[in-house]
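>>> dropping a prediction and its sequence here:
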Amino acid sequence: MDAAGLPELEKSLSEGAIRTVVCAIPDMWGRLMGKRLTTKAFLEALSGPGGVHASSYLFASDMEMEPRPGFKLTNWADGFSDFIMRPDLSTFRILPWQDGTALVLCDAIEEHTGEHLGMAPRTILKKQLERAERLGLTFKCATELEFFLFRTDYDEAWKKRYRDLAPTSRYRADYHILQSTRDEDFVGLIRDRLAGAGVIVENAKTEWGLGQQEITLKYCDALLMADRHALYKHWVKEAASEFGYSATFMAKPFIEEVGSSCHIHASLWDRETSNPIS
């Protein structure tokens, strides 16, 4: 959806089927950060000059949300400034599994200049794609992102200091259909939710690690894939929480176990002819 579809969106939201709009940005760690808005507040944000305000410390903090020193953008000495989360309406989607809820990804905008914040992950990728476009090129990407799935919920995992968690498989089950059938209640739900939110899944399989899974997303334009990639990770964790499970995308969560990969398939295309180059 682009700006041309705004009147239709406003009409749809005004009819009351959607009560909450989640406005989110990927942070420096790939997590979705943001706010939940009422429909009325979201429409006001769209009609106004800005968007949704948030603190720029989101781009200068560690995994524990502690602000780190050395950032010119925002720091204790100069104060923690705000930035604007500007909704990208092309990412707007209704979440069928959350009653009356939609989600939209946002761009990070400097509130005084109106320019994109240079350190925001979405900005970094957009600038690279603009460079490619000036050369007459486009990129398409696909990802295979692995994760470990446990029958231990997040609270219990925290209490156990993330040790001795119960994986969904107790034997090496790479490509095993029997194990993937046993996991289908969860993995099938993920595939259905992704499809319901407009994210196409090519396939899913059990991986070599105990409890390890892999879900492959269908290739598309690079920015769209990056957005889908972040959403996929977030929705897996949401579903795990609902199931009483826990999931981690850490590259190496256990020293004695195999790591999780993120395979990125990238291809270069001619912008004029839409033919692949490499």
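Yes, it's here.
>>> alpha carbons only: can I get stretch 172-184 in CSV?
These are the backbone C-alpha positions of stretch 172-184, laid out as CSV (Å, rounded to 0.1, in the frame of the first residue of the first chain):
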residue,chain,number,x,y,z
ARG,A,172,19.5,-35.7,15.5
ALA,A,173,16.6,-35.1,13.2
ASP,A,174,17.9,-33.3,10.1
TYR,A,175,15.3,-33.7,7.4
HIS,A,176,13.4,-36.3,9.5
ILE,A,177,9.7,-36.2,8.5
LEU,A,178,8.8,-38.0,11.7
GLN,A,179,10.2,-35.3,13.9
SER,A,180,8.8,-32.5,11.7
THR,A,181,5.4,-34.1,12.1
ARG,A,182,5.8,-34.0,15.8
ASP,A,183,6.7,-30.3,15.5
GLU,A,184,4.0,-29.5,13.1
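>>> where does the stretch 1-150 of the chain dip in pLDDT?
1-6, 49-50 (pLDDT under 70).
>>> what segments of it are helices?
6-14, 39-47, 121-134 (DSSP state H, counting those that start in this stretch).
>>> mind checking the longest strand of this protein?
strand 137-150 (DSSP state E).
>>> got the angle for that one vs helix 121-134?
150 degrees (axes from the mean of the first three to the mean of the last three CA atoms, to 10 degrees).
>>> and strand 137-150, how far from the chain's centre?
Put simply, strand 137-150 sits 11 Å off its chain's centre (CA atoms, centre = their mean, to the nearest Å).
>>> which strands and helices lie in contact with it?
Here strand 137-150 touches helix 121-134, strand 212-217, strand 220-221, helix 222-243, strand 246-248, strand 262-270, going by 3 or more CB pairs under 8 Å, 6 or more residues apart in numbering; DSSP states H and E. Backbone N, C-alpha and C define where each C-beta goes, glycine included.
>>> mind giving me a markdown table with these and columns for distance to Y162?
Output for the helices and strands packed on strand 137-150, formatted as a markdown table (distance: least, CB to CB, whole Å):
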| stretch | distance to Y162 |
| --- | --- |
| helix 121-134 | 26 |
| strand 212-217 | 16 |
| strand 220-221 | 34 |
| helix 222-243 | 14 |
| strand 246-248 | 8 |
| strand 262-270 | 20 |
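>>> which one of these lies closest to G114?
Judged by CB to CB, the one of these that comes nearest to G114 is helix 121-134, at 13.0 Å.
>>> and the contacts of the closest one?
For helix 121-134, contacts defined as CB atoms under 8 Å, 6 or more residues apart in numbering pick out 25-28, 30, 105, 107-108, 116-118, 138-139, 222-223, 226-227, 271.
>>> re the thing from before, which among the helices and strands packed on strand 137-150 is found nearest to E156?
Nearest to E156, of all the helices and strands packed on strand 137-150, is strand 246-248, at 8.1 Å by CB to CB.
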